[in-house]
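1. show me how the following folds:
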Amino acid sequence: MYLLLVAAVAVVISGCAAPKSTSLKVLPPAPAKRDMSVTVASIRDVGIESIRAGFLSPEKCAIDLSEDAELKLGHMLQDSDAFSKVRIIPHGEIPEDATELTYISLARREGTDLVIHGEISHRASFTLNWLTWPSYIPLIVIGAPLWFPNYTLKGKVEMTLHLLDTRTLERIFTRKVSEEAFTSICFLTRFTALHDRFTELEKNVALHNAAVEALGRIFDSLAEYEPGSGSSEIKPFGKVVAVADFQATSSFVERMGYGTAAAEMFANAFEKAGAFKVIERQRIRDVLAERAFTMTDLVKPEKGGQVAKLLGIDYLLVGSVAKVGPRLELNVRLLDISTAKVVLSESDGIKRDADLQILVELMARRIMERFPAEAETKRKEQ
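-> Numbering: from 1, shown residues only. I've put the predicted structure just below:
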């Protein structure tokens, strides 16, 4: 009888029952190896949260699955042998305030066609069980009338991946996958079991299965894709646009020629995409000089309309470049030349001046994606 009592107490104190998990998924066959390279930049953990458990006092802990997810995806991609080159950016080299622009910049420096970044979150839910069989069966066996409350602990992993073409900046797809991590019965006599169970997520099947599911979708999306081919989602608008020299807000910006450089980059981005017909900037300067106008006169209704007729333009892109601490800030506005009203505006910045080209390409793409809806809204307002 004494031995049975000791055995029962040991069962209760042992903490959690064995977790109930799904089996490991197998990565589907990768497409035939192609001359296509990819960089895994960052899988940011957005679900770092405290885990609370306890009867009289809560226990708190937090984990970060960022690096584990990045390595898991990167190694699976390498093992798939579907790409000519797979690069994994070391977790410590990714700034905490990294943006999509940062990831594209890192991938371009690695010389790859594609870049993967995303988010991962992990959550635990606790249900307090009273008078359930895990509570009282061990003690009923030994004839004791006592029972113990316990928790049902469930863990879940969610991963969202974004795949971008580093040359066209096209977002090939965004996919979210979700996997159950485990279901365990945890007795209140050992709160640390909750911590131990949850901090093993990186070794759990959930992270593996989420990565397998996400990569399977990546393979499907890339089956017919050619890097740098661009997208058909942006159609020609049939409108003519002129890009004015951007205002330099400081002597440093003016000295470095960022205003003129940014304007040239925008004109090239619009022309390359084929969304707008772009007036040559030298022609704009020649017409303004002939009429003794300045770029500023273009936004004045009484003068801008005259130049617009001469140039045959519908819209004018104006902007400014500023150096704010370590950041280079770019602000642009697309004006309807007939009304001098702002159709849409974009603002963004970079920490590395060398990333100006990428910044302009991203902002130009946003403008082209937003233009049809914004132009239609402005038209209805008139």
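2. separation between Asp336 and Val240?
-> 12 Å (CB to CB, to the nearest Å). (Each C-beta comes from the backbone N, C-alpha and C, glycine too.)
3. joint contacts of these two?
-> Asp314, Tyr315 (CB atoms under 8 Å, 6 or more residues apart in numbering).
4. what residues go with each domain of this protein?
-> What automatic domain parsing lists as the domains of the chain is 13-222, 240-381.
5. show me what Phe173 bridges to in the sheet.
-> Leu163 (DSSP bridges).
6. give the contact list for it.
-> Phe173 neighbours (CB under 8 Å, 6+ apart): His162, Leu163, Arg217, Ile218, Ser221.
7. and the gap between it and His162?
-> Taking CB to CB, one finds Phe173 at 8 Å from His162.
8. then Ala223?
-> 18 Å.
9. higher neighbour count, the two?
-> Neighbour count, other CB atoms under 10 Å: between Ala223 and His162, His162 has more, with 17 against 10.
10. apart from its neighbours in sequence, what residue is nearest that one?
-> Thr174 (5.0 Å; CB to CB, 6 or more residues apart in numbering).
11. what residues sit buried inside stretch 31-39?
-> Met36, Ser37, Val38, Thr39 (16 or more other CB atoms under 10 Å).
12. for the stretch 1-150 of the chain, which spans come out with low pLDDT?
-> 1-22, 48-63, 124-150 (pLDDT under 70).
13. now do the strands in it.
-> Here the stretch 1-150 of the chain has its strands, by DSSP state E, counting those that start in this stretch, at 34-45, 83-88, 114-129, 150-165.
14. the second one vs strand 34-45, what angle?
-> Per axes from the mean of the first three to the mean of the last three CA atoms, to 10 degrees, the angle that strand 83-88 makes with strand 34-45 is 20 degrees.
15. run through who's touching strand 83-88.
-> Counting by CB under 8 Å, 6+ apart, 33-40, 70-71, 74-75, 77-78, 107, 110-112 sit against strand 83-88.
16. that one: which residues count as buried?
-> Applying 16+ other CB under 10 Å to strand 83-88 flags Phe83, Val86, Arg87, Ile88 as buried.
17. from Val307, how far off is the nearest residue to Leu335 once chain neighbours are set aside?
-> Spatial nearest neighbour of Leu335, chain neighbours left out: Leu316 (4.8 Å); criterion: CB to CB, 6+ apart. Distance of Leu316 to Val307, computed by CB to CB: 9 Å.
18. the more surrounded of the two?
-> The neighbour comparison of Leu316 against Val307 (other CB under 10 Å) goes to Leu316, with 25 against 22.
19. out of the contacts of Phe173, which are buried?
-> Counted by 16+ other CB under 10 Å, those give His162, Leu163, Arg217, Ile218 as buried.
20. let me know whether Leu359 touches Asp348 as I believe.
-> Yes - using CB atoms under 8 Å, Leu359 is in contact with Asp348, at 6.0 Å.
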